[in-house]
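**Q** missing the sequence, but the structure's below:
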């Protein structure tokens, strides 16, 4: 396990995109970065330029200054991790922050960065952080709202059933010159599909749980206006289910997601949606979860219940 600084620069040709802010200082010079063996350092003055660069290239690492525009930087990282831009959701991302207060640190961590560094940044500190990410990059987790490295308890909401995933790390391959296990697009795609399965499962579980809660409160006689927040959240989750790319070997999931979205559209258009419609949504969610688990018996049972519930709903419409 060689330190980054001990690796021959010709063997660690790493590409990095740098988003910096002259106003806030603490920005490393391009010469310092080249001295660390980073072979290509496109400098971007805006988050939009970083988006464009990530969309047409495959950098190994992003160095992003949150002081440029913290909200936009967070959206950029989320879009990368959720596979909305670029071809690699597992790019190593280091965030730069000016103030290491609890809010700033939590914001950077919950966005999905691999590491954060307080400004001003020295070449020595950056080299140490790079070396650590080469050797000890954290495993990823995927929840309904978050995709990124594992976090300490309290930073993001996680479930005990979530299994951390090893993800491709082109930084490690290039730093160690490990040409026997070079990352290709197929490896990235396989890892991305594994992340999508985990995320779809989390989305389905939350949709099912919230629909069950809504039905219970409707049965108690609660006014639907009191449930607006829960219904809105279910709508957001259903949209995310529809947008997540399902595994290639399971086209049935795409049909379920489309059907679930249709039911949700009916719920939204109805001023007084019935408990039956939320039950249909819940059964859709159970069907997605059972399919992802590969539980054939549960899938068949839920499919039968879903067909019966959908039929009752059509007759009552």
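**A** Now that the structure is in, tell me what you want to look at. The structure displayed is predicted, hence computed values, not measured ones.
**Q** Nearest residue to residue 310 in space, please, no chain neighbours.
**A** Once flanking residues are discounted, residue 310 sits nearest to residue 280: 5.8 Å by Cβ to Cβ, 6 or more residues apart in numbering. (Each C-beta comes from the backbone N, C-alpha and C, glycine too.)
**Q** can you pull the contacts of that neighbour?
**A** Shown in contact with residue 280 (Cβ atoms under 8 Å, 6 or more residues apart in numbering): 263, 306, 309-310, 313.
**Q** Tell me which of the residues you listed fall in helices.
**A** 263, 306, 309-310, 313 (DSSP state H).
**Q** Turn these into TSV, columns for neighbour count and pLDDT.
**A** TSV is the format used below for the ones in helices among the contacts of residue 280 (neighbours: other Cβ atoms under 10 Å; pLDDT from 0 to 100):
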residue	neighbour count	pLDDT
263	19	90
306	19	81
309	18	79
310	18	72
313	16	68
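**Q** where's stretch 275-288 relative to the chain centroid, distance-wise?
**A** Remark: stretch 275-288 is offset 25 Å from the chain centroid, using Cα atoms, centre = their mean, to the nearest Å.
**Q** Likewise for stretch 85-96?
**A** In terms of Cα atoms, centre = their mean, the centre of stretch 85-96 is set 11 Å apart from its chain centre.
**Q** pLDDT score for the residue nearest to residue 310?
**A** pLDDT for residue 280: 90.
**Q** Confirm it sits in a helix?
**A** Yes - counting by DSSP: H, G, I helix; E, B strand; the rest coil, residue 280 is part of a helix.
**Q** so where's the stretch 151-300 of the chain uncertain?
**A** 153-161, 174-183 (pLDDT under 70).
**Q** can you pull out the helices in it?
**A** In the stretch 151-300 of the chain, the segments counted as helices under DSSP state H, counting those that start in this stretch are 170-176, 185-219, 228-243, 251-269, 275-293, 296-316.
**Q** do you know which of the ones you listed lies nearest residue 151?
**A** When the helices of the stretch 151-300 of the chain are compared by Cβ to Cβ, helix 185-219 sits nearest residue 151, at 15.0 Å.
**Q** The residue nearest to residue 310 and residue 110, how far apart?
**A** Using Cβ to Cβ, to the nearest Å, residue 280 is found at 33 Å from residue 110.
**Q** Now do residue 46: how many residues are near it, please.
**A** Using other Cβ atoms under 10 Å, residue 46 has 12 other residues around it.
**Q** Roughly how far does it sit from residue 275?
**A** Distance from residue 46 to residue 275, by Cβ to Cβ: 49 Å.
**Q** So for residue 144, what pLDDT did the model give?
**A** Residue 144 is given a pLDDT of 89.
**Q** Then the one 3 residues further on?
**A** According to the model's per-residue confidence, residue 147 sits at a pLDDT of 94.
**Q** close enough to count as contact, it and residue 89?
**A** Yes - between residue 147 and residue 89 there is a contact under Cβ atoms under 8 Å: 6.9 Å.
**Q** what sits in contact with each of the two?
**A** Common neighbours of residue 147 and residue 89 (Cβ under 8 Å, 6+ apart) are 81-82, 195.
**Q** what pairs with residue 15 across the strands?
**A** Per DSSP bridges, the residues bridged to residue 15 are residue 40.
**Q** Pull the number of nearby residues for it.
**A** What residue 15 shows, counting by other Cβ under 10 Å, is a neighbour count of 18.
**Q** circling back to that earlier point, mind putting the ones in helices among the contacts of residue 280 into CSV with distance to residue 116?
**A** Formatted as CSV, the ones in helices among the contacts of residue 280 follow (distance: Cβ to Cβ, whole Å):
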residue, distance to residue 116
263, 41
306, 45
309, 47
310, 48
313, 49
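**Q** where does residue 17 land on pLDDT?
**A** So, for residue 17, pLDDT stands at 80.
**Q** Give me the phi and psi angles of it.
**A** phi -100, psi 130 (degrees, to the nearest 10).
**Q** didn't it look like it was pressed against residue 54?
**A** Yes - counting by Cβ under 8 Å, residue 17 touches residue 54, with 6.9 Å between them.
**Q** re earlier: mind checking how far the residue nearest to residue 310 is from residue 267?
**A** Look at residue 280 and residue 267: by Cβ to Cβ, they are 9 Å apart.
**Q** tell me the contacts of residue 284?
**A** Neighbour list for residue 284: 207, 256, 259-260, 263, 306 [criterion: Cβ under 8 Å, 6+ apart].
**Q** mind putting the helices of the stretch 151-300 of the chain in TSV, distance to residue 65 included?
**A** Output for the helices of the stretch 151-300 of the chain, formatted as TSV (distance: least, Cβ to Cβ, whole Å):
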stretch	distance to residue 65
helix 170-176	19
helix 185-219	26
helix 228-243	29
helix 251-269	37
helix 275-293	38
helix 296-316	48
